[in-house]
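[1] pasted the sequence and its predicted model underneath.
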Amino acid sequence: MKFFIHFSSISALVLFCSTFALAQNPNCPDASEILDLSPIATDTDAIATINGTGLTLGGELLQVAIAFTGGATQDEDAINDDQLTGCTGLQLGVTGSTNGINTSMTTTYTLSAPVANICFTLVDIDRNDEIIVNASSGGVPCSIDAGDAAFTLLDQSSNSCIDYLGNNLFSSNCVPPEPNLNDTTRGAIEICFNKPIDQLELTFYDMGATTGGSYTLCNFSTCVNALPIELAFFNVIEDDCRADLVWRTVTESNFSRFEVEKSTDGVYYTTIVTINPQGNGSIGADYDFADEQLAASNYYRLKMIDNDGFVEYSDIKIVTTDCSSGVSISGVFPNPVRNTTSSVRFISSIDDVDATMVITDVLSRVVTQQTINVAEGQNFINLDVSTFNSGIYYLFLEGNNWQTSTVKFVKQ
């Protein structure tokens, strides 16, 4: 791989940052980005479709998982509760049991990287039911009691409709609205985290006298931050089994770096090169980067990071070829790794019986490395992390005159 950088003073048209803000996140001084659920608005299996569609929040991939305890089973999983207005979110519930703490539903929202200023609203929590709100970043938990998040009660029925019991636990005394009664804020809680999180876990307990209960998570949002950089264009062209990435900036101010990200499935992206800015204030620059390790399908995007840590992504460009070469990691599955083992999936067009898998920590220190066999086609490697501490790790493969991009994974 190689890249070339050219300088120029640019006065071309600015590529504006697109937003789809539907409401104001109270943490955001300007606009907020609401998780766009419109692609699955009529789906009755929304969680599976979110994972299949690859929705993102703050540019990071969102994955959702749901688990039940005791007699609870899934009751509802649809977009937009018909008893509510102004609420865009998932209605989730349990049915078939009223065993209190022995009956629960846990829904886990996992982002591919920490996202700052996340807010959301929990609406229509049924009477006597309880919900625990846990969040974390890199496996480190957040606590409302410790000031890692703020909450606002949005009750219309009475001031005691929703109670905070401590330890991230809320309890409801709210009478559910009648069918077809539009009531946006009855039994609602607005929760905002003041530190970045990459996982949100909601555990709902059916504590009432009826056989089931539900709630809706609305307006899952983060802030839209305009970077002090302006893109004129970003293009990718395939040329003789090589992808040439070309982009131009109009201005660069308080800007940290570009990270060129690549994916072979359009879902999991890895950084293949980091490029420092070459413009200065009102003077932009031209950038080229050549990727010579192509798979059958290649997805590219620019991750643009300013000196304050704010991130913006370019449009995604796709290159398809029939001349794939080299080795390309698809990802670590599952990620985060909650058990002792996981697996690494990668695609290769070469054979190498003496390759190496290397894992480092966040300080680039080698944690472990092992010899692996690489065969042409799709490969899987078992990943044993039983001795790893909780945290963030980085993995890459290397062999004779080749090295893959680096993949990040989290051990919980």
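    Yep, it's here. Numbering: from 1, shown residues only.
[2] any idea how far residue 110 lies from residue 275?
    When distance is defined by Cβ to Cβ, to the nearest Å, residue 110 is 29 Å away from residue 275. Every residue, glycine included, has its C-beta placed from N, CA and C.
[3] okay, the two: which has more neighbours?
    Neighbour count, other Cβ atoms under 10 Å: between residue 110 and residue 275, residue 110 has more, with 21 against 16.
[4] that one should be in a helix, yeah?
    No - the assignment for residue 110, made by DSSP: H, G, I helix; E, B strand; the rest coil, is strand rather than a helix.
[5] hang on, it packs against residue 57?
    No - Residue 110 is not in contact with residue 57 according to Cβ atoms under 8 Å; the separation is 10.9 Å.
[6] tell me which residues in stretch 357-372 are buried?
    Residues of stretch 357-372 classed as buried by neighbour count (16 or more other Cβ atoms under 10 Å): 357, 358, 359, 360, 367, 372.
[7] stretch 240-248 too?
    Neighbour-count burial for stretch 240-248 flags 242, 243, 244, 245, 246, 247, 248 (criterion: 16+ other Cβ under 10 Å).
[8] does the nearest residue to residue 172 once chain neighbours are set aside belong to a helix, a strand or coil?
    In space, and not counting its chain neighbours, residue 172 is closest to residue 125: 4.1 Å by Cβ to Cβ, 6 or more residues apart in numbering. Three-state call for residue 125 (three-state DSSP): coil.
[9] swap in residue 187?
    Three-state call for residue 187 (three-state DSSP): coil.
[10] and it, how many neighbours?
    Number of residues near residue 187 (other Cβ under 10 Å) recorded here: 28.
[11] ok, residue 276 next?
    9.
[12] and for residue 250?
    Neighbours of residue 250 under the rule other Cβ under 10 Å: 21.
[13] now do the helices in this structure.
    46-53 (DSSP state H).
[14] OK, contacts around residue 348?
    With contact set as Cβ atoms under 8 Å, 6 or more residues apart in numbering, residue 348 has these partners: 326, 327, 328, 374, 375, 376, 377, 379.
[15] low pLDDT regions in the stretch 251-400 of the chain?
    Applying pLDDT under 70 to the stretch 251-400 of the chain picks out residues 267-268, 308-310, 323-325, 400.
[16] make it 50
    For the stretch 251-400 of the chain, no stretch is flagged by pLDDT under 50.
[17] then the stretch 51-200 of the chain?
    Low-confidence segments of the stretch 51-200 of the chain (pLDDT under 50): 82.
[18] what about 70?
    In the stretch 51-200 of the chain (pLDDT under 70), the answer is 74-88, 97-99, 155-160, 176-186.
[19] residue 286 - how many residues pack around it?
    By other Cβ under 10 Å, 17 other residues sit near residue 286.
[20] coming back round to it: between the contacts of residue 348, which is closest to residue 344?
    Taking Cβ to Cβ as the measure, residue 344 lies nearest residue 379 of the contacts of residue 348, at 8.2 Å.
[21] show me what contacts the closest one?
    Counting by Cβ under 8 Å, 6+ apart, residue 379 touches 345, 346, 347, 348.
[22] same thing but 6 Å
    Going by Cβ atoms under 6 Å, 6 or more residues apart in numbering, residue 379 touches residue 346.
[23] for it, name its beta-bridge partners.
    For residue 379, the beta-bridge partners are residue 346 (DSSP bridges).
[24] from residue 192, how far out is it?
    Relative to residue 192, residue 379 is positioned 43 Å away (criterion: Cβ to Cβ).
[25] burial count for residue 116?
    Number of residues near residue 116 (other Cβ under 10 Å) recorded here: 18.
[26] circling back: how about the residue nearest to residue 172, what does it touch?
    172, 187, 215.
[27] which one of the residues you listed sits closest to residue 395?
    residue 215 (37.5 Å).
[28] for the residue nearest to residue 172, give me phi and psi.
    When read as degrees, to the nearest 10, the backbone of residue 125 gives phi -80, psi 120.
[29] ok, back up a step: buried subset of the contacts of residue 348, written for ChimeraX?
    The buried subset of the contacts of residue 348, as determined by 16+ other Cβ under 10 Å, is captured in ChimeraX by this line:
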select :326,327,328,374,379
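[30] mind putting the contacts of residue 348 in a markdown table, distance to residue 396 included?
    Formatted as a markdown table, the contacts of residue 348 follow (distance: Cβ to Cβ, whole Å):
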| residue | distance to residue 396 |
| --- | --- |
| 326 | 13 |
| 327 | 10 |
| 328 | 11 |
| 374 | 13 |
| 375 | 18 |
| 376 | 19 |
| 377 | 20 |
| 379 | 14 |
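[31] and which of the contacts of residue 348 is nearest residue 71?
    Proximity of the contacts of residue 348 to residue 71 (Cβ to Cβ) peaks at residue 379, which lies at 42.5 Å.
[32] do you know how far that closest one is from residue 252?
    Residue 379 sits 40 Å away from residue 252, going by Cβ to Cβ.
[33] try residue 111
    Applying Cβ to Cβ to residue 111 and residue 252 gives a distance of 28 Å.
[34] do residue 199 as well
    From residue 199 across to residue 252, the span is 33 Å (Cβ to Cβ).
[35] picking up where we left off before, what's the overlap in contacts for residue 110 and residue 57?
    Counting by Cβ under 6 Å, 6+ apart, nothing touches both residue 110 and residue 57.
[36] what's the neighbour count on the nearest residue to residue 273 once chain neighbours are set aside?
    Leaving aside its chain neighbours, residue 273 sits nearest to residue 260 (4.9 Å; criterion: Cβ to Cβ, 6+ apart). For residue 260, the number of neighbouring residues by other Cβ under 10 Å comes to 24.
[37] in contact with residue 260, which residues?
    For residue 260, the contact set (Cβ under 6 Å, 6+ apart) comprises 272, 273, 289.
[38] of those residues - the most surrounded one?
    residue 289 leads those on contacts (other Cβ under 10 Å) with 22 neighbours.
[39] beta partners for it?
    For residue 289, the residues forming beta bridges with it (DSSP bridges) are residue 3, residue 245.
[40] also residue 216?
    residue 91, residue 123.
[41] just checking, it touches residue 89?
    Yes - Residue 216 lies in contact with residue 89 (Cβ atoms under 6 Å); the separation is 5.2 Å.
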